[in-house]
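>>> just coords:
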């Protein structure tokens, strides 16, 4: 058993990652689970949001208040960033406003990348679309890693300390509360959206595009709006990841961690079910963090390196769920357009009279 202080630290470390991956997985569930759009380029919008929070706010503060003193922001990043953090620590209102503005801009960047990716998405078949979106995500990562004036190239950049005005002992609590609060708001939004007529429209297109088009629905427009909205949420999640780590480096964003793992979370938890997606995120993140916390104890009993335990458990869990519960742990709920009482009355009215 872990002591109480270690449990608190474990939760403080775990909660921000759960919050960020919940937003990523919900955006994927909106696209694939409800809309039937196989987005294997989820890393594209996640990376875009992370790059934005690494590139924009620091340079805005340096330019607006001349904190760089003529120095290049990226060449002298380690020297300039302490000045930025010190400046923000003395102005809480500016820090909060800049944080809100940056999160909004991250959503705009994610939505913009979603718009770009929607151009092939509405014209290609599923298998070609998956390969195209996967390639687009890799292109952005390569640009960030090689173009210094975006996020510092291979060295990366630090994220400004928006909460520097809060005492250090409570700063991590406040950051965790903010990220968890954002994730809860996103969950409520996606839940309400997918239970609305728009959600039923997405399901109808997913199940039978020809029928939905025959009924007068604009399939292309609906798919494009869905990809843009999901991209905005993924951009927000990328910004949340950057706030959690405190730095942005292109090498930290990969198709394995920000595309395939969210796919496994959605499939294991239950596609087209937001509660199932949340359960998939919890199962994976808690298990992976527990393995990290007890890796020294576990390596005594394993015939292989403990670093391989997480992907092995992930793969095994996916196979077991796909074999025995193809719909996920919490499969998609049946949608009823009428209340049970109304259905009962309708059934009585349609029964033949003697």
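Great, that's in hand. Model, not experiment: these values are computed from the prediction.
>>> Wasn't residue 307 part of a strand?
No. Membership of residue 307 in a strand is not supported by DSSP: H, G, I helix; E, B strand; the rest coil, which gives helix.
>>> any idea how far the residue nearest to it when sequence neighbours are not counted is from residue 223?
Nearest in space to residue 307, with sequence neighbours left out and distances taken as C-beta to C-beta, 6 or more residues apart in numbering, is residue 295 at 7.9 Å. C-beta: built from backbone N, CA, C; applies to glycine. Distance of residue 295 to residue 223, computed by C-beta to C-beta, to the nearest Å: 43 Å.
>>> more neighbours, those two?
residue 223 (20 against 15; other C-beta atoms under 10 Å).
>>> where does the chain have its least confident helix or strand?
helix 340-350 (a mean of 74; mean pLDDT, DSSP states H and E).
>>> Which residues belonging to that one are considered buried?
Across helix 340-350, burial judged by 16 or more other C-beta atoms under 10 Å covers no residue at all.
>>> And residue 257, how far from residue 118?
On the measure of C-beta to C-beta, residue 257 and residue 118 end up 24 Å apart.
>>> for residue 294, that is, sorry about that
43 Å.
>>> on that earlier part again, so residue 257 and residue 118 - more neighbours on which side?
Neighbours were counted for residue 257 and for residue 118 using other C-beta under 10 Å; residue 118 has more, 21 against 15.
>>> quick one: low-confidence parts of the stretch 101-250 of the chain?
121-122, 126-127 (pLDDT under 70).
>>> how would you label residue 217: helix, strand or coil?
Residue 217 - assigned by three-state DSSP - is coil.
>>> my guess is it contacts residue 200, does it?
No. Using C-beta atoms under 8 Å, residue 217 makes no contact with residue 200, being 11.0 Å away.
>>> All the helices of the stretch 251-354 of the chain, in order from the start?
255, 261-269, 274-293, 295-298, 309-324, 340-350 (DSSP state H, counting those that start in this stretch).
>>> which one of these lies closest to residue 11?
Among the helices of the stretch 251-354 of the chain, the nearest to residue 11 by C-beta to C-beta is helix 274-293 (9.7 Å).
>>> contacting residues around residue 83?
62, 67 (C-beta atoms under 8 Å, 6 or more residues apart in numbering).
>>> Distance check, it against residue 307.
38 Å.
>>> do residue 31 as well
31 Å.
>>> Looking at those two, which is more packed in?
residue 31 (26 against 11).
>>> how about that one, secondary structure?
helix.
>>> which residues does it contact?
Residue 31 neighbours (C-beta under 8 Å, 6+ apart): 37, 39, 226-227, 230.
>>> Same check on residue 154?
145-146, 249-251.
>>> do residue 252 as well
Contacts of residue 252 (C-beta under 8 Å, 6+ apart): 156, 245.
>>> Quick check: pLDDT value at it.
As predicted, residue 252 sits at a pLDDT of 92.
>>> What of residue 313?
81.
>>> try residue 289
For residue 289, pLDDT reads 86.
>>> Please list all residues in contact with the spatially closest residue to it that is not a sequence neighbour.
Distances taken as C-beta to C-beta, 6+ apart put residue 14 closest to residue 289, at 5.0 Å, once the chain neighbours are dropped. By C-beta under 8 Å, 6+ apart, the contact set of residue 14 is 285-286, 289.
>>> Strands of this structure, start to end?
157-158, 247-248 (DSSP state E).
>>> Dump those to CSV, plus distance to residue 111 and mean neighbour count.
Below are those laid out as CSV (distance: least, C-beta to C-beta, whole Å; neighbours: other C-beta atoms under 10 Å):
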stretch, distance to residue 111, mean neighbour count
strand 157-158, 23, 22
strand 247-248, 19, 21
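>>> Using a markdown table, please lay out those strands together with distance to residue 272.
Formatted as a markdown table, those follow (distance: least, C-beta to C-beta, whole Å):
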| stretch | distance to residue 272 |
| --- | --- |
| strand 157-158 | 38 |
| strand 247-248 | 33 |
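>>> Minimum distance to residue 103: which of these has it?
Closest among the strands of the chain, using C-beta to C-beta: strand 247-248, at 14.4 Å.
>>> now for that closest one, which elements pack on it?
Contacts defined by 3 or more C-beta pairs under 8 Å, 6 or more residues apart in numbering; DSSP states H and E place strand 247-248 against helix 42-65, strand 157-158.
>>> what sits against residue 247?
Contacts of residue 247 by C-beta under 8 Å, 6+ apart are 54, 156-159.
>>> what about 10 Å?
50, 54, 81, 151-152, 155-159 (C-beta atoms under 10 Å, 6 or more residues apart in numbering).
>>> repeat for residue 166
Contacts of residue 166 (C-beta under 10 Å, 6+ apart): 89, 92, 95, 172-175.
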